[in-house]
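A.B. asks: quick one, what's the 3D model for this:
(2 chains)
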Amino acid sequence: AQRVTQPEKLLSVFKGAPVELKCNYSYSGSPELFWYVQYSRQRLQLLLRHISRESIKGFTADLNKGETSFHLKKPFAQEEDSAMYYCALSFLGSGNTGKLIFGQGTTLQVKP
Amino acid sequence: DAGVIQSPRHEVTEMGQEVTLRCKPISGHDYLFWYRQTMMRGLELLIYFNNNVPIDDSGMPEDRFSAKMPNASFSTLKIQPSEPRDSAVYFCASSFKDRSSYNEQFFGPGTRLTVL
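C.D. replies: Coordinates of the predicted model:
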């Protein structure tokens, strides 16, 4: 069965420190991975997708099929990065139903 | 575009009462999803629709929960009877799937439900 695991419920770092939010998935086919973010009092929104290979707000994430991981990284955390982050998995190919499977989420707290 | 619209934003009710949550997806989107968010379990998919037809309701916790989508612009999630453990934030999301789509889902603001 498809599954997304975010092992840390809470990650607390100081401003300027590097950040890595971990995400592991289990899926035997070709996965499509996303990071969604929910800032305080705002809607859950897409942060980035692996297929775009882009950097958004200084965040990057590389899909590692060997380790089945899609960790979210930022070299220097900012206070405005404090939010809840969700890793999500979708399926490519004929089985694509539009469904996303979310991890349990990690709260990132960036302290001044 | 106002995005996905949900109502009410907050709902406080007593155990045993019926609760109805409403959602208006983004016009033109053909998928609609209902999620529940709790501290313990994170974001759980309850049910989703494609072209107004329920596709997967395996996440619906029990028979007390039901969802409908009578047309492309409206969906409801009903809990009858409600219980304190149903207290959570309920999100609605919509998306548009084409051959090149990344399945980006657009979320509503959520309904915070408190069952006393």
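A.B. asks: can you list the residues of chain A near chain B?
C.D. replies: A:32, A:34, A:43-46, A:49, A:51-52, A:86, A:90, A:96-105 (CB under 8 Å from any CB of the partner chain). The C-beta positions use only the backbone N, C-alpha and C, and glycine is treated the same way.
A.B. asks: now, the residues you listed that are in helices?
C.D. replies: Secondary structure defined by DSSP state H assigns none of those to helices.
A.B. asks: any of those residues buried? List them.
C.D. replies: Among the residues of chain A next to chain B, those classed as buried by 16 or more other CB atoms under 10 Å in any protein chain shown are A:32, A:34, A:43-44, A:46, A:49, A:86, A:90, A:96, A:98-105.
A.B. asks: what about the chain, any weak spots by pLDDT?
C.D. replies: Picked chain A for this. A:91-98 (pLDDT under 70).
A.B. asks: wrong one, chain B
C.D. replies: Residue ranges of chain B with pLDDT under 70: B:1, B:99-103.
A.B. asks: strands along chain B, start to end?
C.D. replies: B:5-7, B:10-13, B:19-24, B:31-38, B:42-50, B:53-56, B:65-71, B:74-79, B:88-95, B:106-107, B:111-115 (DSSP state E).
A.B. asks: got the contact list for the closest residue to chain B within chain A?
C.D. replies: Nearest to chain B in chain A, going by CB to the nearest CB, is A:Gln104, at a distance of 3.4 Å. By CB atoms under 8 Å, 6 or more residues apart in numbering or on different chains, A:Gln104 lies in contact with A:5-6, A:9, B:41-43.
A.B. asks: give the ChimeraX command for selecting the buried subset of those residues.
C.D. replies: The ChimeraX selection below is limited to those of the contacts of A:Gln104 classed as buried (16+ other CB under 10 Å):
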select /A:6 /B:42,43
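A.B. asks: which one among the contacts of A:Gln104 gets closest to A:Ile56?
C.D. replies: A:Gln6 (18.4 Å; CB to CB).
A.B. asks: and the residue nearest the centre of chain B?
C.D. replies: In chain B, the centroid-proximal residue (CA atoms, centre = their mean) is B:Trp34; its distance is 2.8 Å.
A.B. asks: tell me how far that residue lies from chain A.
C.D. replies: Distance, B:Trp34 to chain A, using CB to the nearest CB, to the nearest Å: 12 Å.
A.B. asks: list the contacts of that residue.
C.D. replies: So B:Trp34 contacts B:23, B:45-48, B:67, B:75, B:77, B:90-92 (CB under 8 Å, 6+ apart).
A.B. asks: export those residues to CSV and tack on neighbour count and distance to B:Asp57?
C.D. replies: Output for the contacts of B:Trp34, formatted as CSV (neighbours: other CB atoms under 10 Å in any protein chain shown; distance: CB to CB, whole Å):
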residue, neighbour count, distance to B:Asp57
B:Cys23, 25, 15
B:Leu45, 20, 10
B:Leu46, 19, 7
B:Ile47, 22, 4
B:Tyr48, 26, 8
B:Ala67, 20, 7
B:Ser75, 26, 13
B:Leu77, 24, 11
B:Tyr90, 22, 15
B:Phe91, 26, 16
B:Cys92, 27, 15
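A.B. asks: of these, which is the nearest to B:Pro54?
C.D. replies: Closest to B:Pro54, out of all of the contacts of B:Trp34 and judged by CB to CB, is B:Ile47, at 6.1 Å.
A.B. asks: my guess is that closest one meets B:Pro54, correct?
C.D. replies: Yes: using CB atoms under 8 Å, B:Ile47 is in contact with B:Pro54, at 6.1 Å.
A.B. asks: need the residues touching each of the two.
C.D. replies: Jointly contacting B:Ile47 and B:Pro54 under the rule CB under 8 Å, 6+ apart are B:Ala67.
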